[in-house]
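>>> got a sequence here, can you model it:
(chains A and B)
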Amino acid sequence: MSKPFPFAAIVGQEDMKKALLLAAVEPLLGGVLVMGDRGTGKSTAVRALAELLPKIETRSGCRYNCPPGDPQPACARCCTTGTGRPALVKIRTPMVDLPLGATEDRVCGALDIEKALVAGERAFEPGLLAAANRGFLYIDEVNLLEDHLVDLLLDAAASGVNVVEREGLSIRHAARFVLVGSGNPEEGDLRPQLLDRFGLSVEVRTIMDLKLRIEVIRRRDAYESDPDGFVAAWAKQDAAIGGQVVAARKILKQVAMPDAILFRLSQLCMRLGIDGMRGELTLMRAGRAAAALDGRMVVEWNDIEEVAPMVLCHRLRRDPMDEAGTTPRIERALAALDAGHGHA
Amino acid sequence: MVMPDGTTTCPDMQQQSEDRWRDAILAAHILAVGGADIGGLWLTARASGVRDHFLDQLGRITQATPTLKLPPGATAAALCGHLDMSRSLKTGRLIWDSGILAAAHGGILLIPMAERLEAGAAAIIAAAMDTGTCPALRPSAEGGQQPSRFAVVALDEAAEPEEMLPACLSDRLGLHICLDGVTLRTIRAMPLGAPPAPPVDWRSVCLDDGMLEQLCGIASATGHGSLRALQHLSKVARLHAALDGRGTAGVADAVAALRLCLGIRLEHRQTQPEQPTPAATPDQPPSAGGGEGEGESGGLDCLTELLTAIEQGTVDGLSLSVSERAARQGKKTGKGGAATRHARRGRPVGSSSTPPFPDARPDLVETLRAAAPWQQLRARLYQARTGAEPTHPLIRKEDFRYRRRRHQQPSTAIFVVDASGSTALERLGETKGAIEQLLATCYVRRDEVSLIAFRGKTAEILMPPTRSLVAAKRKLSALPGGGPTPLASGLERGLEMALAARRRGSTPIVVVMTDGSGNIALDGTADRALAGRQAESIARLYRANGLKCLCIDIARRPRDSVATLAGLLGAELHLLRQANAAHMSEIVRASMHRGVPA
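Got it, this is the predicted structure:
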């Protein structure tokens, strides 16, 4: 398989790239939803992201991506002790594509029916959730996916554990992954309950700037003519972004969140009438991740302003009669907050 | 069939037939060189001798091996490889079939009846086209990513606007060819020898920025905002130049690319006398000197001409590209109405010995229960055959049981709205409000809403069935009103759409909002008597098909004509003196949720 298109070479779509990097820095954000027109590089960006992240360590043949020091009880391979224990390997950050036609068995894993019938053995066949552990799970056309599957995915993404109770099996295994969904809003909406579960949401539009459009075509063409050469030419920029993410992950825990900023972001959420605490919590985490990505140890209000639209726009109550999108409402609220703050 | 003097009787049709056939053959040559790099070919044609002939030619020109035909209803497992259950049971070890996508590597995947392709299967094919590898459905295959790079030839036989290629696939296919109107005579009359292998590698053909900008402008002006369309254009232009043996893509190549990718061409009749260049380019395969000789300035003028023509709307083929390709979005392909009986989700209702849908997973407990009574007998047979005691339960193919499920069908509300002058504009506004309110809640049950308005001469589908509020708002923003009342036409459209919705497996509910009788017949003439008879006979068809209808009288005073219409339709009659969005949506929602009429 040829290497995916380099992340750094994607033209424009800064919001989408930023959201993906934030999710890579802070997996607790709860996934990214990318909605937008066709052919805007949604899939390309997601596939490219896994490539620039550092490799993870596991044991060869492990189907659950167990960390070598902390094997899961469900994984028979990593739990073997003594000489039979498989060797350590480094693998690329898992990037699992969930095809639309996937069934529940394939997603969660199920009794290995073939083994059961042919060998008379009761074994668990891990699904895509196990394969995505410690990596990314990408669903294209998430709004066309069957609802019960979306529920299941979001539940696993939120809890970090996949529980299988079926056909006489009782298995729990870790499924800590960043869920990335993409889709075209013209094909149907997601239920608000589901929207709320995605941490970040960005809207991508086709680039209409002529120069940029041509640049996209040129780069894409260069990539297709000589994938390896193109990837090599961009390797440095990709590595720089990868390094930024690694550095941000290291300092993330130490990034300080001043009380004044916390106070203001609560004010912002109240002003926008956002239900529940998830909005505030995610906004705080995203702000911290943005600061870490920038290499700073203290969150500034600019960080919050930058991430507020992607954290909040899908959490606003939708008014079917409101013509304008939700992002302007957030910008207005931010501006009002600034004005109010200035007077105080 | 064609008259011997066909050329003299209808030169236009003859010309069109020849042009289309020439384009089709040109597209085949381009596909032969471009292969998987331009995605594939979208072929709009009904099954016919012409299409078969073209496919033969395509096979001869591309020399692609293998050329695989996608079986109808191919499932994810069939595409990506699945377990061969009977062989596995026989041999006692797991035997996997390689899927169609992996088998098509290096060749062509032919998708017959592509408009019926399921969204899931289309997404899998699209993913394979993007990554060049077959999506792994079984996580057990350790790193065993099978390469699968292939060009797709999608045979689109769509007859109705509701049927269409899944958008994720049509967006990835570079070439679009239509064979409608090509006569067998044309094919016989035009012998086409295979051109020599391209002396130029198309990747090295350069396309300058000015040309690319022009292409970009034209693509955007025709509603092809997607960057994939632009990418295909640039590739096809360069391939076209390479086929002609030139190292630089000129204007002729750009014009050809626009024609082959997006179906954009100047109208012959209008342009031939005054602007011979663009119309002439397809006719005479431009020689190497011809393309260069036109020079940059003349060439760009030609494209500017095209852009102006597009903005004025005087371009042939726009209806094909703009209204269809751009509007071909947001649709699911047919499920054949089997959704209720063979649902994939929902409440389990018993089990059966045949899989409810291909790919279904056996219900293990039921399977073992079905096999249990036979064990003693089979053990004896097994012992007689092999001389050994069986060590495992003996399961045969006929023991497999599958769980059946049932889930509620979604509904499609079809609004057929009188937008004529007799109906006040505010009612239209309220109807829009009602539709948006319905949509705001319809995600719960995956219901769809669509809108047909009739005014002036005919009815028009303003919004095909959708459950997207975004799409609805865009389409409803400009709903014109005024003019006479072509009721019959409106009812006819509503009937067609309702039957199409039913075929897709959803329950249609038609909401007719009118204030009286029609005065325009189906053919657009103002003949009140004929219009009345036609409306009557169509209304009877609603009843005959058992469609659920609501008739809303929106006149100031209730009229007998509406009551009569409701009787003919077999509809519930509601009077709505004050059109009120909330009230209207409440009535429709109540009847949607009451379920299917007996």
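>>> and the longest helix along chain B, what does it pack onto?
Scanning chain B for the helix with the most residues, using DSSP state H, yields helix B:11-34. Counting contacts by 3 or more C-beta pairs under 8 Å, 6 or more residues apart in numbering or on different chains; DSSP states H and E, helix B:11-34 is packed against strand B:40-44, helix B:49-62, strand B:151-156, strand B:175-178, helix B:184-189, helix B:227-243, helix B:268-271, helix B:276-283. Heads up, the C-betas are built off the backbone N, CA and C, glycines and all.
>>> can you name every helix or strand that the fifth one contacts?
Looking back up the chat, that one is helix B:184-189. Taking 3+ C-beta pairs under 8 Å, 6+ apart as the contact cut, helix B:184-189 packs with helix B:11-34, helix B:49-62.
>>> got it, and the longest one?
For helix B:227-243, the elements it packs on are helix A:210-225, helix B:11-34, helix B:209-221, helix B:251-257, judged by 3+ C-beta pairs under 8 Å, 6+ apart.
>>> repeat for the fourth one
Under the contact definition 3+ C-beta pairs under 8 Å, 6+ apart, strand B:175-178 sits against helix B:11-34, strand B:40-44.
>>> okay, these in CSV with mean neighbour count and mean pLDDT next?
Shown next, in CSV, are these (neighbours: other C-beta atoms under 10 Å in any protein chain shown; pLDDT from 0 to 100):
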stretch, mean neighbour count, mean pLDDT
helix B:11-34, 21, 83
strand B:40-44, 25, 88
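>>> output the ones you listed as a markdown table; include the columns distance to residue A:169.
Output for these, formatted as a markdown table (distance: least, C-beta to C-beta, whole Å):
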| stretch | distance to residue A:169 |
| --- | --- |
| helix B:11-34 | 49 |
| strand B:40-44 | 42 |
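>>> now for the closest residue to residue A:41 other than its chain neighbours, how many residues are close by?
In this structure, residue A:41 finds its nearest non-sequential neighbour in residue A:10, 5.6 Å apart by C-beta to C-beta, 6 or more residues apart in numbering or on different chains. By other C-beta atoms under 10 Å in any protein chain shown, 20 other residues sit near residue A:10.
>>> residue A:10 contacts residue A:48, correct?
Yes - judged on C-beta atoms under 8 Å, residue A:10 makes contact with residue A:48 at a distance of 6.8 Å.
>>> okay, domains of chain A per the record?
Listed by automatic domain parsing, the domain ranges of chain A are A:7-55+A:92-204, A:253-343.
>>> so where's chain A uncertain?
Applying pLDDT under 70 to chain A flags residues A:1-2, A:100-101, A:113-120, A:167, A:186-189, A:191-193, A:317-326, A:340-344.
>>> which residue ranges of it form helices?
A:14-25, A:42-52, A:76-79, A:104-108, A:113-118, A:128-131, A:147-159, A:192-197, A:210-225, A:227-251, A:259-272, A:278-293, A:301-312, A:327-343.
>>> got those as CSV, with mean neighbour count and distance to chain B columns?
Converted to CSV, these look like this (neighbours: other C-beta atoms under 10 Å in any protein chain shown; distance: least, C-beta to the nearest C-beta, whole Å):
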stretch, mean neighbour count, distance to chain B
helix A:14-25, 22, 14
helix A:42-52, 22, 6
helix A:76-79, 16, 12
helix A:104-108, 20, 6
helix A:113-118, 20, 5
helix A:128-131, 26, 5
helix A:147-159, 18, 6
helix A:192-197, 18, 8
helix A:210-225, 18, 5
helix A:227-251, 16, 10
helix A:259-272, 16, 19
helix A:278-293, 23, 20
helix A:301-312, 22, 18
helix A:327-343, 14, 14
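>>> distance from the one helix or strand residue B:590 maps to to the middle of the chain?
Using DSSP states H and E, residue B:590 falls within helix B:581-593. Remark: helix B:581-593 is offset 31 Å from the chain centroid, using C-alpha atoms, centre = their mean, to the nearest Å.
>>> and residue B:486, how far from chain A?
29 Å (C-beta to the nearest C-beta, to the nearest Å).
>>> got the phi/psi numbers for that residue?
Dihedral angles of residue B:486 (phi, psi; degrees, to the nearest 10) stand at phi -90, psi 70.
>>> state the distance from the residue lying closest to it once chain neighbours are set aside to chain A.
Closest residue in space to residue B:486, ignoring its immediate chain neighbours: residue B:520 at 3.7 Å, by C-beta to C-beta, 6+ apart. Distance, residue B:520 to chain A, using C-beta to the nearest C-beta: 33 Å.
>>> can you get me a residue count around residue B:520?
Neighbours of residue B:520 (other C-beta under 10 Å): 29.
>>> now do the contacts for it.
Going by C-beta atoms under 8 Å, 6 or more residues apart in numbering or on different chains, residue B:520 touches B:456, B:457, B:458, B:484, B:485, B:486, B:487, B:488, B:489, B:526, B:527, B:531.
>>> now, which of the residues you listed sits nearest chain A?
residue B:458 (25.9 Å; C-beta to the nearest C-beta).
>>> quick check: phi and psi at that closest one.
phi -140, psi 180.
>>> hang on, it packs against residue B:487?
No - applying C-beta under 8 Å as the test, residue B:458 and residue B:487 come out as separate, 11.1 Å apart.
>>> which one of these two has more residues nearby?
residue B:487 (29 against 16).
>>> distance check, that one against residue B:80.
Remark: distance between residue B:487 and residue B:80 (C-beta to C-beta, to the nearest Å) = 51 Å.
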